[in-house]
Each structure stands twice: as structure tokens, then as C-alpha cells.
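*Asks:* output the structure for:
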Amino acid sequence: MTRPVRSRPPAVKEWRLNLYLSEHDPDTTARIVLDTGDNVLESCAEARRSPYDPDVPEIGDELAAGRALIAMGRILLRAADGDMKAVGSNETDGPSPLWPTEE
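*Replies:* Residues are numbered from 1 along each chain as shown. Predicted coordinates:
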């Protein structure tokens, strides 16, 4: 069986994401810089340890980083929505949620 000839090879892209964490007890801040080659996007988020919780810096890192990644996901979804509208797509309902509402 022969396979159809493709008109062009698959595109491979590399995006660079840097995640910076800084801790100033009880606060942890995460800053994400995403370089797509065409654009540079940035998101930030924070986590704050309750004075009644044990001091476990890894937890603050995880919370702040996770929140910054979610924020970056929302930025990317909004950018894609705007790009789809710019090229005349009629199927845009705004950015998709990152997860179903029942979760």
C-alpha cells in the first residue's frame, strides 16, 4: 500500500518557557516568561502561607507555579481566540475553559 505524498514536512517548533520563583516568607511568587519565537508572553501568580501552617517552601512553589501556569494557559487561549477572529473564523465563542465546570 502506498501512502500519499505530503506537500510539506511536519513543522517542528520550540517554545522556551522560563519559570522564576522567589520566596519572601510567607509569600512565594512565580513569574513565567514564554517565548514563542514570534511573541513573548508573561504571567505571574502568588501563594501565601498561613501563619498556622508548617513552613514547607515546596508547597508555596507548587501553588504559585501552578497558578502562573493556569494564568499562562488563559493568556494563550485568549490569544488564539483573538487570532481566530482576526482571520475571520465564525466559530469562536471566546476562550475555552481550562477544565469542565463540574470539576
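
*Asks:* what count of nearby residues applies to residue 64?
*Replies:* Neighbours of residue 64 under the rule other C-beta atoms under 10 Å: 24. Where you see a C-beta, it was placed from the backbone N, CA and C, and this is true even at glycine.

*Asks:* tell me the contacts of it?
*Replies:* For residue 64, the contacting residues are 21, 28-30, 45-47, by C-beta atoms under 8 Å, 6 or more residues apart in numbering.

*Asks:* what's the separation between it and residue 41?
*Replies:* 17 Å (C-beta to C-beta, to the nearest Å).

*Asks:* what does residue 65 give?
*Replies:* Residue 65 sits 16 Å away from residue 41, taking C-beta to C-beta as the criterion.

*Asks:* these two: which has the busier surroundings?
*Replies:* Legend: neighbour count by other C-beta under 10 Å for residue 65 and residue 41, higher for residue 65 (19 against 15).

*Asks:* show me the shaky parts of this protein.
*Replies:* Confidence mapping of the chain against pLDDT under 70 gives the ranges 1-6, 91-103.

*Asks:* and the contacts of residue 64, which is closest to residue 81?
*Replies:* Within the contacts of residue 64, proximity to residue 81 (C-beta to C-beta) peaks at residue 45, which comes in at 21.4 Å.

*Asks:* what sits up against stretch 38-52?
*Replies:* Outside stretch 38-52, the residues within contact range by C-beta under 8 Å, 6+ apart are 25-34, 55, 59-61, 63-72, 75-76, 79.
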